[in-house]
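> Make a model of this:
(chains A and B)
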Amino acid sequence: MASITLDHLAHAYRPDPRGPQDYQLKEINHVWRQGGAYALLGPSGCGKTTLLNIISGLVTPTTGRILFDGRDVTHLPTEARNIAQVFQFPVVYDTMTVRENLAFPLKNRHVPRADIVRRVEEIASRLDLSAVLDRKAQNLTADAKQKISLGRGLVRADVAAILFDEPLTVIDPHLKWQLRSSLKELHRALDLTMIYVTHDQTEALTFADTVVVMHDGSVVQTGSPEELFLRPAHTFVGHFIGSPGMNVLPAEVRGRTAYIEGIAIALPCAYPALPAGARIELGVRPEFAQLARAGSGLPVKVRRIDDLGRTRIARIEIAGHAAAATVPEGLSIEGDAAGLKLDPAQIHIYADGALVAGEGGV
Amino acid sequence: MEKPINNRAWLLVAPVFLIVAFSAILPIMTVVNYSVQDTFGNNQFFWNGLGWFQELLDPSTELGGRFFAALWRNLAFSAIILAIEVPLGILVALSMPREGWKVAATLVVMALPLLIPWNVVGTIWQVFARADIGLLGYGLNWLGIDYNYTGDTLSAWITIVVMDVWHWTSLVALLCYAGLKSIPDAYYQAARIDGASRWAIFTTIQLPKMKRVLLIAVLLRFMDSFMIYTEPFVLTGGGPGNATTFLSIDLVKLALGQFDLGKAAAMSLVYNLIVLAVCWVFYTVMTNTGSERADRGEPA
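Numbering: from 1, shown residues only, chains lettered A, B, ... in the order given. Sure, this is the predicted structure:
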């Protein structure tokens, strides 16, 4: 059991990094609480697997330290850390039975035989593997194999954290839900720190209490799924989370009003401290932008309406900029002219991509 | 529904029949023909039935005696070189570099012995191991080790085995290397997390993943060593005495040296059957391990 602290951690795969462009992982300070369910979310190549491998000890960071409960483990090898990892492709030892697979990490650590037997039975029943314990691991389906990989982590009594590296990639869609909910259950039952790497926002948002969003080698926001949705700290988070993502429109802010190509939008608060010369953008999620009849709200042009079943999403244009909005039930639009009503409390202002806090709001 | 019968389809198959007939069936039938007859030259042949086969398979006769002696020699040779080349090849493959310019360099060096024509390999070792002028032979004798492959059976065997190991270990190593390269990194990482020792990684990951290429390597090396002719022929000519007379060398002696066409034909048919049988066993084992994989929907 441990909390994991990343202290000024950075990593470059080049041995002689010169500038920030050489770093695949830019400086990170972060504490993973004991018992938390975390998701590390970001597009492919943003450095999330690198970060995971640094935590598990497969990669040694270029600079910075990593602490388990305050103990520096930066240079400890993987096997000396209390970490388990589940990989993208299921790893099972082909020649062994499921039972031998599960016992393998304990056998390597010279745990007494009786303890191994008890532990393996216990974990197998938790993972629904009891029925296949004596079958060869290589003949099982991908999801069972992935459970075995997970089980090899869980059998170790000393494991402080389990790291998942996109573990559901090769699992059939209808089994993904099932496996993910058993992961949640395990997390509740075992009080383990779990860090789940994924590029799939649904996976991240359903699994984790805290989502860490990474972009281009750095952490852009850490927060609950709700925070990420309501207050994206970066336009990237706005885009990446939500389907469709947040509307981000170039704007000009004067007092409590934003102007998009001359169209005025009332803001809930003032932004006196906007940096000069920065790229100012207004962000609002499609969920808080409702289409209305032409003549009410902001004038917009409707390009098409997508019926998503549960809701309808209108693809619109505001002064030439593409955006998305929800279509309220019962509204039908004639032609392409329509109005747009925004929820003022859910409008955010970004300077060079980063969220700016307003002043004097409600 | 009536099926139309179209005999022209035979025309499409005919070329294959012809080619196989001329390349395989006719020559083999000639050998079969010789094997049931005896000749005293002058193109006169006498019917002998299964006489040669009975003699060949009876170790108490002169023909059977030399056949079984050569067969055991051959099997012993194959067993020895497999016992050396397979573990050595695995060891070499494990210590070969995984990335960088060294990979290309190693591969070229490893491939060199495989590219040398067999009789040249024989000649190289024939000269290299000579006790009077060869570096190896002279050096060993200078060190006080009594070594002379033309006169001493043990020396001759050691020379032939070492020559074969030098010539063919690369093949085993390259096959194993290919097998090792195909193991995803995640396996090694998982093993490290599971705290596996170097030996456990070898037995639980590397060896099982190399199984298929190893089977191919063993098959290739067995067949090749079982049919070996050129190198020992050049190096020792089957001597000293008959100490290194393997089946193929004995066959040539019998057919071309003594011109005993009937005996030689019977011997080559039995020889051929042994090779076929071993091939069949390996083929069955390999396709079985292959279909196990296919059942699981994995790439081979």
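> alpha carbons only for contacts and neighbour counts from here, please
Will do.
> distance of residue B:255 from residue B:52?
In this view, residue B:255 and residue B:52 are 13 Å apart by Cα to Cα, to the nearest Å.
> Look at these two and report which has more neighbours.
Neighbour comparison, residue B:255 and residue B:52: the larger count goes to residue B:52, with 22 against 17 (by other Cα atoms under 10 Å in any protein chain shown).
> in the one helix or strand the more buried one maps to, what's buried?
Secondary-structure element containing residue B:52, defined by DSSP states H and E: helix B:51-56. Residues B:51, B:52, B:53, B:55, B:56 are the ones in helix B:51-56 that count as buried (16 or more other Cα atoms under 10 Å in any protein chain shown).
> could you list every residue that touches the residue lying closest to the third one once chain neighbours are set aside?
I take that to be residue B:53. Spatially, and ignoring its direct neighbours in sequence, residue B:53 is nearest to residue B:266 (5.9 Å; Cα to Cα, 6 or more residues apart in numbering or on different chains). The contact partners of residue B:266, taken as Cα atoms under 8 Å, 6 or more residues apart in numbering or on different chains, are B:31, B:32, B:34, B:35, B:36, B:52, B:53, B:56.
> quick one: which of those is nearest to residue A:116?
In terms of Cα to Cα, no member of the contacts of residue B:266 lies closer to residue A:116 than residue B:56, at 60.3 Å.
> where does the closest one land on pLDDT?
Note on residue B:56: pLDDT of 82.
> Count the neighbours of the nearest residue to residue A:271 once chain neighbours are set aside for me.
Leaving aside its chain neighbours, residue A:271 sits nearest to residue A:358 (5.0 Å; criterion: Cα to Cα, 6+ apart). By the other Cα under 10 Å criterion, the neighbourhood of residue A:358 contains 17 residues.
> ok so, going back, please identify the helix or strand for the residue nearest to residue B:53.
If you go by DSSP H and E, residue B:266 is part of helix B:261-295.
> That helix: which residues count as buried?
Along helix B:261-295, the positions that meet the burial threshold by neighbour count (16+ other Cα under 10 Å) are B:261-269, B:271, B:279, B:282, B:286.
> ok, now stretch B:21-30?
Burial within stretch B:21-30, assessed by neighbour count using 16+ other Cα under 10 Å, is assigned to residue B:28.
> and the end-to-end length of it?
Using Cα to Cα, the span of stretch B:21-30 from its first residue to its last is 12 Å.
> Show me where chain A has its helices.
Applying DSSP state H to chain A gives helices spanning A:48-56, A:98-108, A:113-126, A:142-154, A:173-190, A:201-207, A:225-230, A:235-240.
> residues in contact with the longest one?
The reference is to helix A:173-190. With contacts defined as Cα under 8 Å, 6+ apart, helix A:173-190 is touched by A:35, A:37, A:127, A:143, A:168, A:193, A:194, A:203, A:207.
> switch to 7 Å and redo it
A:168, A:207 (Cα atoms under 7 Å, 6 or more residues apart in numbering or on different chains).
> Could you tell me the angle between that helix and helix A:142-154?
Computed with axes from the mean of the first three to the mean of the last three Cα atoms, to 10 degrees, the direction of helix A:173-190 lies at 20 degrees from that of helix A:142-154.
> Save the helices of chain A as a markdown table, and put in mean neighbour count too.
What follows is these, written out as a markdown table (neighbours: other Cα atoms under 10 Å in any protein chain shown):
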| stretch | mean neighbour count |
| --- | --- |
| helix A:48-56 | 23 |
| helix A:98-108 | 23 |
| helix A:113-126 | 16 |
| helix A:142-154 | 24 |
| helix A:173-190 | 14 |
| helix A:201-207 | 19 |
| helix A:225-230 | 18 |
| helix A:235-240 | 22 |
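> Quick one: closest of the ones you listed to residue B:124.
Per Cα to Cα, nearest to residue B:124 of these: helix A:98-108, 49.2 Å.
> Which residue ranges make up each domain of chain A?
In the domain annotation for chain A, the residue ranges read A:4-236, A:244-356 (automatic domain parsing).
> Quick one: end-to-end distance for the shortest one.
Read that as domain A:244-356. With Cα to Cα applied, domain A:244-356 spans 23 Å between its terminal residues.
> Any idea how far it is from the middle of the chain?
Averaging C-alpha coordinates over domain A:244-356 and over its chain gives two centres that are 25 Å apart (Cα atoms, centre = their mean, to the nearest Å).
> Check whether stretch A:64-80 comes near chain B.
Yes. Applying Cα under 7 Å from any Cα of the partner chain, one finds stretch A:64-80 touching chain B at A:78, A:79.
> quick one: buried residues of that stretch?
Under the neighbour-count criterion of 16+ other Cα under 10 Å, stretch A:64-80 has A:64, A:65, A:66, A:67, A:68, A:73, A:74, A:77, A:78, A:79 buried.
> Distance of residue A:68 relative to residue A:106?
Residue A:68 is 22 Å from residue A:106, by Cα to Cα.
> Indicate which one of the helices of chain A is closest to residue B:227.
Checked against Cα to Cα, the stretch from those lying closest is helix A:98-108, at 42.7 Å.
> packing partners for that closest one?
helix A:113-126, helix A:142-154 (3 or more Cα pairs under 7 Å, 6 or more residues apart in numbering or on different chains; DSSP states H and E).
> average pLDDT for the first one?
If you average the pLDDT over helix A:113-126, you get 88.
> which helices and strands does that helix pack with?
Secondary structure elements in contact with helix A:113-126, counted by 3+ Cα pairs under 7 Å, 6+ apart, are helix A:98-108.
> Please put the alpha-carbon coordinates of the helix it packs on into PDB.
The C-alpha coordinates for helix A:98-108 follow below in PDB (Å, rounded to 0.1, in the frame of the first residue of the first chain):
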ATOM      1  CA  VAL A  98      -3.800 -21.000 -15.600                       C
ATOM      2  CA  ARG A  99      -2.900 -22.100 -12.100                       C
ATOM      3  CA  GLU A 100       0.800 -22.200 -12.800                       C
ATOM      4  CA  ASN A 101       0.500 -18.800 -14.500                       C
ATOM      5  CA  LEU A 102      -1.100 -17.300 -11.400                       C
ATOM      6  CA  ALA A 103       1.400 -18.900  -9.100                       C
ATOM      7  CA  PHE A 104       4.500 -17.800 -11.100                       C
ATOM      8  CA  PRO A 105       5.200 -14.400  -9.500                       C
ATOM      9  CA  LEU A 106       4.800 -16.000  -6.000                       C
ATOM     10  CA  LYS A 107       7.100 -18.900  -6.900                       C
ATOM     11  CA  ASN A 108       9.700 -16.500  -8.200                       C
END
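> Centre of the chain to it, how far?
Shown here is helix A:98-108, whose average C-alpha point lies 31 Å from the average C-alpha point of the whole chain (Cα atoms, centre = their mean).
> what's the distance between residue B:120 and residue B:234?
9 Å.
> And for residue A:315?
Looking at residue A:315 against residue B:234, where the rule is Cα to Cα, the gap reads 83 Å.
> residues of stretch B:195-212 that come out buried?
Applying a neighbour-count criterion of 16+ other Cα under 10 Å, the buried positions in stretch B:195-212 are B:195, B:196, B:201, B:204, B:205, B:206, B:207, B:209, B:210, B:212.
> Can you name every helix or strand that the longest strand along chain A contacts?
Ranked by residue count and defined by DSSP state E, the top strand of chain A is strand A:298-307. Helices and strands touching strand A:298-307, by 3+ Cα pairs under 7 Å, 6+ apart, are strand A:312-318, strand A:337-342.
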